[in-house]
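> Take this sequence and fold it.
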Amino acid sequence: MKMNEFMWKEEFSNKIEELEVPGNWDLHVDMNLEKQKTGLIYTQQTFGSFRCSRCARSWNSSKVSVLFIINLNKRHGTVKMRIFKQGCERFTRHEEMIPTVTSDNIERVVCNLVHKIRRKFYEVNDQYQDQKPKIYGPLEGLHNKERCEACRHGLCEQQILSCEYEQNREQRESVAPAVLTVMGLVTGVASIALMYFANK
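Numbers count the residues shown, from 1 in each chain. Presented below is the predicted three-dimensional model:
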């Protein structure tokens, strides 16, 4: 089963145009993509459905990991992506399946990605909050790390947490000036009040 590259590329092009990102940007799918020393590493988790090619067993997962490596060379931007597979629990030999991701969850992942590009490469502070995936159908127990390709590559929980921390840091930095301004006003009012009562 092959990943639907067209849907991802089309959604990426549409979102780049919609959010008026400068330059020319391309999205390339590479199912062997690894972490690199160059480029911005960005990972997300979404919801996906799997179907075993050997026994036809199907299952859902809210921990479908997607890796992006983003580079900008002058006005030409390139995004490489890899969506990680999972294996069926009925077989000891690793035979991993590519997940099916719904169009609305593809849209959410891509929207988060393009906003990340705007913040990191064009210093756009739009206060955007990453969209969480929509969950369809029941989830079966705990996440099986032994059958998760992303876990074996160290890109499942660890990278997601680091991206969340980075996002939270950006939010704290954007809120800090406003907090300082309010504190300054409160201090000023308190000083005036003290001077007033001291002169009574």
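> buried set for stretch 5-12?
Judged by neighbour count using 16 or more other C-beta atoms under 10 Å, the buried positions of stretch 5-12 are 8, 9, 11, 12. In this view, the C-beta of every residue, glycine as well, is placed from N, C-alpha and C.
> can you name the two of those residues that are farthest apart?
9 and 11 (7.4 Å; C-beta to C-beta).
> Show me the helices in the chain, by range?
5-18, 103-122, 149-152, 157-198 (DSSP state H).
> comparing those helices, which gets the lowest mean pLDDT score?
Of all the helices of the chain, the minimum mean pLDDT falls on helix 157-198 (a mean of 46).
> From residue 140, how far out is the residue nearest the centre of the chain?
Nearest to the mean C-alpha position of the chain, by C-alpha atoms, centre = their mean, lies residue 44 at 3.4 Å. The gap separating residue 44 from residue 140 is 22 Å, by C-beta to C-beta, to the nearest Å.
> Ok, residue 120 next?
From residue 120 to residue 140 the distance is 36 Å (C-beta to C-beta).
> Off-centre distance for stretch 13-29?
Centroid separation for stretch 13-29 versus its chain: 16 Å, with C-alpha atoms, centre = their mean, to the nearest Å.
> Hmm, I typed the wrong one, I wanted stretch 137-144.
21 Å.
> Now that stretch: average pLDDT?
81.
> Quick check: end-to-end length of it?
End-to-end distance of stretch 137-144 (C-alpha to C-alpha, to the nearest Å): 18 Å.
> contacting residues around that stretch?
Contacts to stretch 137-144, defined as C-beta atoms under 8 Å, 6 or more residues apart in numbering, come from residues 49, 59, 60, 61, 62, 63, 86, 89, 151, 156.
> Name the nearest of the residues you listed relative to residue 74.
Using C-beta to C-beta, these come closest to residue 74 at residue 156, 34.1 Å.
> quick one: that closest one and residue 146 touch, right?
No - using C-beta atoms under 8 Å, residue 156 is not in contact with residue 146, being 11.7 Å away.
> more neighbours, those two?
Taking neighbours as other C-beta atoms under 10 Å, residue 156 and residue 146 compare with residue 156 leading, 21 against 9.
> Quick check: pLDDT value at that one.
77.
> wait, what's in contact with the closest residue to it other than its chain neighbours?
Once flanking residues are discounted, residue 156 sits nearest to residue 150: 4.1 Å by C-beta to C-beta, 6 or more residues apart in numbering. Neighbouring residues of residue 150 by C-beta under 8 Å, 6+ apart: 63, 65, 67, 84, 156.
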